[in-house]
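1. predicted coordinates and the sequence they were generated for:
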Amino acid sequence: MGVNIDNIFLLADDAMKSQYTLIFPEGIPGGGNAERISLRMNKEFQMPEMTWYTYKVYDHGFYVPKKGMLQEVDKESLQVQVRIDQQWAVFDDLWNWGQLSYNQNTGEGGGDAEFRTSLIVQAEDTKQKAVKRFRFKGVGIKGFNIDAFNMEEGDPMYVTLTLIWNEMMPEKVQQN
């Protein structure tokens with residue numbers, strides 16, 4: 001039996017990779033401008049791979065993989081790229097956030113709760129209406145890397161944030 005091409009056109013539209021927004025609903029720890037930072041996040045955002053622990057049960061030279069009761073998700077390498085503004089205010093906000101966990105100049109550190117926040121990855125339709133959300137809880141800066149300065153390029157400067165997080169949950173979006 002062949003494929004009826006008309007059935008393909010009856011499918012709903014596809015989700016588009018470029019239609020998303022990153023939101024800090026609780027703000028940036030340390031008083032940074034969450035909206036300014038969110039608007040400057042315009043590169044790729046790779047969702048973490050959700051994986052679970054597996055083990056093998058052997059019998060007579062054969063084995064069966066089974067899922068165990070252990071999470072194996074990498075919660076220490078979520079990366080986000082942020083464009084740096086000409087006055088470096090975005091960098092300063094991110095630097096201040098990072099210094100809350102450990103200040104390399106003074107050797108002082110804050111409590112874990114002081115530098116954690118939430119991050120929402122919001123998938124949108126072509127009219128920028130939210131259709132799916134993924135909430136990352138307990139997000140904190142693990143590190144960041146500033147792009148190389150380069151006299152031969154005209155592209156904006158970026159800082160790549162490496163984030164840690166505790167929990168990720170898909171959320172339903174209320175349809176009006």
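-> It's in. Numbering: from 1, shown residues only.
2. partners of the longest strand along the chain in the sheet?
-> As assigned by DSSP state E, the longest strand anywhere in the chain is strand 130-146. Sheet pairing of strand 130-146 (DSSP bridges) gives strand 117-124 (antiparallel), strand 158-164 (antiparallel), strand 167-171 (antiparallel).
3. redo these as TSV? Include mean pLDDT and mean neighbour count.
-> Every C-beta, even on glycine, is put in place using the N, C-alpha and C of the backbone. Shown next, in TSV, are those (pLDDT from 0 to 100; neighbours: other C-beta atoms under 10 Å):
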stretch	mean pLDDT	mean neighbour count
strand 117-124	95	19
strand 158-164	95	18
strand 167-171	95	12
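4. Throw those strands into a markdown table and include distance to Gln104, thanks.
-> Converted to a markdown table, those look like this (distance: least, C-beta to C-beta, whole Å):
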| stretch | distance to Gln104 |
| --- | --- |
| strand 117-124 | 21 |
| strand 158-164 | 16 |
| strand 167-171 | 28 |
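5. re earlier: show me what counts as buried in the longest strand of the chain.
-> 130, 133-136, 138-142, 144 (16 or more other C-beta atoms under 10 Å).
6. one more: stretch 79-99?
-> 79-84, 90-91, 93-94, 97-99.
7. go ahead and confirm Phe134 touches Met169.
-> Yes - the criterion here is C-beta atoms under 8 Å, and Phe134 meets it with Met169 at 7.2 Å.
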